[in-house]
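J.: Below are the sequence and a predicted model for it; my questions follow.
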Amino acid sequence: METSTFEKARRSFPQAQAPENKSYKVSPLKPGGVTQEEMNATVIRQFKQLIDNGDMIIDPATVPGFSQNDICKMTLTQMITANPDGFRMVMKHTAGGGAADTQVTSSESMGYGMLMLVIMAGQDQALGIDVKAYFDGMFRSLMYWNSFIKVNGNDSHLMSWQLIQPAGPGTAFRRPIHEFDPKYNQDDDAATDGDLDIAYALLLADKQWGSSGKYNYFEYALAMLNDIWERCIDCDSKLHKEKNLKPNYHVKAGDWASDNPHWVPAYGLMWDITRLSDHMPDHFKAFKAVDPVHDWQKVIDSIYDCIQQLCVGNAAAGGAHQAAPTGLLPDFAMFDRSSGTWRPVPATDDEHWESPRDGDFSQNACRMPWRLGTDYFLSGKTPIDSICLQPMNKHLKTASGCDFSKLTGYLLNGTPHGEYAPCYSNPALVLAAAFGDQEWLDNGWNYAKDLMWYDDQYGSYLNVLALIVISGNYWSPVEL
């Protein structure tokens, strides 16, 4: 399927070795005996597998003129044909992270989907889709299902973190609303990680297709950055001034994170909790380059400070955290404003947020080898290379016996817990390509290149994104 002349990608996949791709300051170590063309083909094949297995779906409410039964039997192409300029598309996300029993997507997976699509643009024929049309379908979902929390009295540009389909297949998607859906015990507010990826994807889309067409991607990205700053960053707010508190500029877990006590009492206040997988330095460095209104450098500095404290301990600064030299990071950490120190949340079997592993390297922090490794490739050197990235890579190799299929969750001291899963294995590819020896990277490549989809959307999405990075095909909308 070919795109129109107007919609033709300006920076087509593959970006690896393209003269205009100056994003990488450090070139990834390549798997032995594998050509660049073979790496590119693997990325395309793994992404097409997601498409072929139905991980991109359309809101039935945007397929007019058909019954619920008809819609259940229609292909994506037929649904798009029924409403080519108005269909709303989502990237499936049906389990984990507090998912409701009828969840169809989360903003987290929407971010993954939009990132993959904008980077894979130009491969329409190989993928069998109109990449820009799919991206715009997801963009319409973002604009339609915004967080219910207003920003300075205005409607939010951030996405509702979850969509549900309570009436069953073939019926409309919608946001959960606590007053009407008490069994879900949640509202349609925003989760920071999804919005960060979406905003970054929109900046890429501006470079890929331009913002002078039907949608101004750049303008919407800037609106998102404003709302992220106001609601998801511990910035110098009116409330800080009223309480005479110094802002820390750390990344909060969502737009809902206020100065109220967290629903897990031992976790302190909601605005003092950070999800480590929201720490995406390469994204914030791009935000700094395009948005001079907000001081994103303070966020970048806060991210590195948090990670440094968690990796080396903060007892000398008055904190209680003694770190093990593994480089591993917890899913969630909490900030002590009185001492200015970070420590992992004290999760227990009875007192936790998402799981008893909230304070361990688990289903959220497993993304950090990818997030921080990507920053290393784009920045060339970061303040956490020797205290976090290199020890983490060494630990993952040693603990798994150099076998990617044996990677799992860990206590911060390196003791394994949990099950083996692709979400633990695939992000480690990025660190292997940054700091690993050839055997470690080759084993990871052989694990990831033929990974088969088996109803694990999370691990499958992370696999494609990690392969994009180590193949040299990731890029930044700005030159860092």
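T.: Ah, there it is.

J.: for this protein, which spans come out with low pLDDT?
T.: Along the chain, segments meeting pLDDT under 70 span 1-7, 96-100, 178-187, 314-320, 322-324, 453-455.

J.: Now do the domain split for it, please.
T.: Domain segmentation of the chain under automatic domain parsing yields 1-232, 244-448.

J.: Turn those into TSV, columns for distance to Glu479 and mean neighbour count.
T.: C-beta here means a position set from N, CA and C on the backbone, and glycine is covered the same way. TSV is the format used below for the domains of the chain (distance: least, CB to CB, whole Å; neighbours: other CB atoms under 10 Å):
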stretch	distance to Glu479	mean neighbour count
domain 1-232	5	19
domain 244-448	8	20
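
J.: Kindly state which of those domains is positioned closest to Asp456.
T.: Comparing the domains of the chain against Asp456 with CB to CB, the closest turns out to be domain 244-448 (5.8 Å).

J.: Quick one: the strands in the stretch 351-480 of the chain, in order.
T.: Secondary structure of the stretch 351-480 of the chain by DSSP state E, counting those that start in this stretch: the strands cover 409-410, 416-417.

J.: just the stretch 101-250 of the chain next, same as before
T.: Counting by DSSP E, counting those that start in this stretch, the strands of the stretch 101-250 of the chain are 103-106, 162-164.

J.: want to throw the ones you listed into CSV with distance to Asp301?
T.: As requested, the strands of the stretch 101-250 of the chain are arranged in CSV below (distance: least, CB to CB, whole Å):
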stretch, distance to Asp301
strand 103-106, 29
strand 162-164, 32
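
J.: So which of the ones you listed is nearest Leu115?
T.: Among these, the nearest to Leu115 by CB to CB is strand 103-106 (14.3 Å).

J.: which helices and strands does that closest one pack with?
T.: strand 89-91, strand 162-164 (3 or more CB pairs under 8 Å, 6 or more residues apart in numbering; DSSP states H and E).

J.: Quick one: those as CSV, columns for distance to Leu451 too.
T.: Listed next are the helices and strands packed on strand 103-106 as CSV, based on distance: least, CB to CB, whole Å:
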stretch, distance to Leu451
strand 89-91, 18
strand 162-164, 26
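
J.: Out of these, which is closest to Arg337?
T.: Taking the helices and strands packed on strand 103-106 one by one with CB to CB, strand 162-164 is closest: 30.0 Å.

J.: end-to-end on stretch 124-133?
T.: Stretch 124-133 has its terminal residues 10 Å apart, counting by CA to CA, to the nearest Å.

J.: my bad, should have said stretch 287-295
T.: 9 Å.

J.: Might one say that Asp259 is in contact with Lys252?
T.: No: contact criterion CB atoms under 8 Å: Asp259 and Lys252 do not qualify, at 10.9 Å.

J.: circling back to that earlier point, Lys288: which of the strands of the stretch 101-250 of the chain is closest?
T.: Here strand 103-106 is closest among these (CB to CB), at 26.7 Å.

J.: hang on, the earlier thing: what would the strands of the stretch 351-480 of the chain look like in CSV with distance to Met39?
T.: Listed next are those as CSV, based on distance: least, CB to CB, whole Å:
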stretch, distance to Met39
strand 409-410, 28
strand 416-417, 30
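
J.: and Gly472, which of those is closest to it?
T.: Of those, nearest to Gly472 by CB to CB is strand 409-410, at 29.1 Å.

J.: ranges for the helices of the stretch 151-300 of the chain?
T.: 192-209, 217-232, 238-242, 281-290, 296-312 (DSSP state H, counting those that start in this stretch).

J.: got those as TSV, with distance to His321 columns?
T.: Listed next are those as TSV, based on distance: least, CB to CB, whole Å:
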stretch	distance to His321
helix 192-209	23
helix 217-232	24
helix 238-242	24
helix 281-290	21
helix 296-312	7
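
J.: Identify whichever of those lies nearest to Ser355.
T.: helix 192-209 (16.5 Å).

J.: Can I get the closest one in CSV, CA atoms only?
T.: C-alpha atoms of helix 192-209 as CSV (Å, rounded to 0.1, in the frame of the first residue of the first chain):
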residue,chain,number,x,y,z
THR,A,192,2.9,10.0,32.7
ASP,A,193,4.8,7.4,30.7
GLY,A,194,2.2,7.1,27.9
ASP,A,195,2.0,10.9,27.4
LEU,A,196,5.8,11.3,27.3
ASP,A,197,6.0,8.8,24.5
ILE,A,198,3.0,10.3,22.7
ALA,A,199,4.4,13.8,22.8
TYR,A,200,7.8,12.6,21.5
ALA,A,201,6.1,10.7,18.7
LEU,A,202,4.2,13.8,17.7
LEU,A,203,7.5,15.7,17.5
LEU,A,204,8.8,12.9,15.3
ALA,A,205,5.6,13.1,13.2
ASP,A,206,6.3,16.8,12.6
LYS,A,207,9.6,15.9,11.1
GLN,A,208,8.3,12.9,9.3
TRP,A,209,5.2,14.4,7.6
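
J.: Sweet, I'm off.
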